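Colleague: sequence first, predicted coordinates after that:
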Amino acid sequence: MVHDTSMDDVLHYHYICSLHMQRDRIFREGAKKMIMSEYNDTLIELDILKDLRADLVRQLEQQHRVVWTGMAPSAPMPAHVPLDKALSKYDNVVERLQAIDSEIGVKRKLIQGIDEKLSKLSGLNHTIGYKRLVEGKSLKEIADEIGYSYSHVRNVMSGAKVQS
């Protein structure tokens, strides 16, 4: 038995295929945005951890003085701090500093791994995205470097459809 394919069936098939392709494109674009958003969040988290670490180093230096002098640094008048209490606070700051250092190491390793994978991506969108988000270059710098106009690079970065 021969199946008769009407024009409506062909049009319906092409319509369904175009919907699937559009859905896949939207998914890919959403995934790219999500990946870059997560990457940027990780960079911000690393900066916050570095700031917290700097504050803990300051606290550690302060506690070190308390342990060795026995005097509270913030008291208007000299106040004696028992050695066991001073050492306990010192140890607490050391533990927090070690935890922050460990987390900074984890974030750096994660960022390094992502950087390596992103640098292997090909295509103009990936090249521009990598140079903008990972290398921190301006769109003008990227345009000059890769030989495209600034407006073309800006359109690609904004996700606009660009005619080549």
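Modeller: Looks like it arrived, so ask away. Numbers count the residues shown, from 1 in each chain.
Colleague: state the distance from the residue lying closest to Leu87 once chain neighbours are set aside to Ser138.
Modeller: Leaving aside its chain neighbours, Leu87 sits nearest to Val67 (6.1 Å; criterion: CB to CB, 6 or more residues apart in numbering). From N, CA and C alone the C-beta is placed, and that goes for glycine too. Distance, Val67 to Ser138, using CB to CB, to the nearest Å: 49 Å.
Colleague: run a quick neighbour tally on the residue nearest to Leu87.
Modeller: If you count neighbours by other CB atoms under 10 Å, Val67 ends up with 16.
Colleague: begin at 4 from now on, thanks
Modeller: Okay, using 4 as the starting number, the last item reads as Val70.
Colleague: doesn't it belong to a helix?
Modeller: Yes: checked against DSSP: H, G, I helix; E, B strand; the rest coil, Val70 lies within a helix.
Colleague: what sits against Arg56?
Modeller: Leu100, Ile103, Asp104, Ile107 (CB atoms under 8 Å, 6 or more residues apart in numbering).
Colleague: widest-spaced pair of those?
Modeller: Leu100 and Ile107 (10.4 Å; CB to CB).
Colleague: which helix or strand contains the residue nearest to Tyr93 when sequence neighbours are not counted?
Modeller: Once flanking residues are discounted, Tyr93 sits nearest to Gln66: 4.2 Å by CB to CB, 6+ apart. Per DSSP states H and E, Gln66 falls inside helix 10-72.
Colleague: next SSE after that helix?
Modeller: helix 86-122.
Colleague: helices or strands next to that next one in the packing?
Modeller: Other helices and strands packing on helix 86-122, by 3 or more CB pairs under 8 Å, 6 or more residues apart in numbering; DSSP states H and E, are helix 10-72, helix 127-136.
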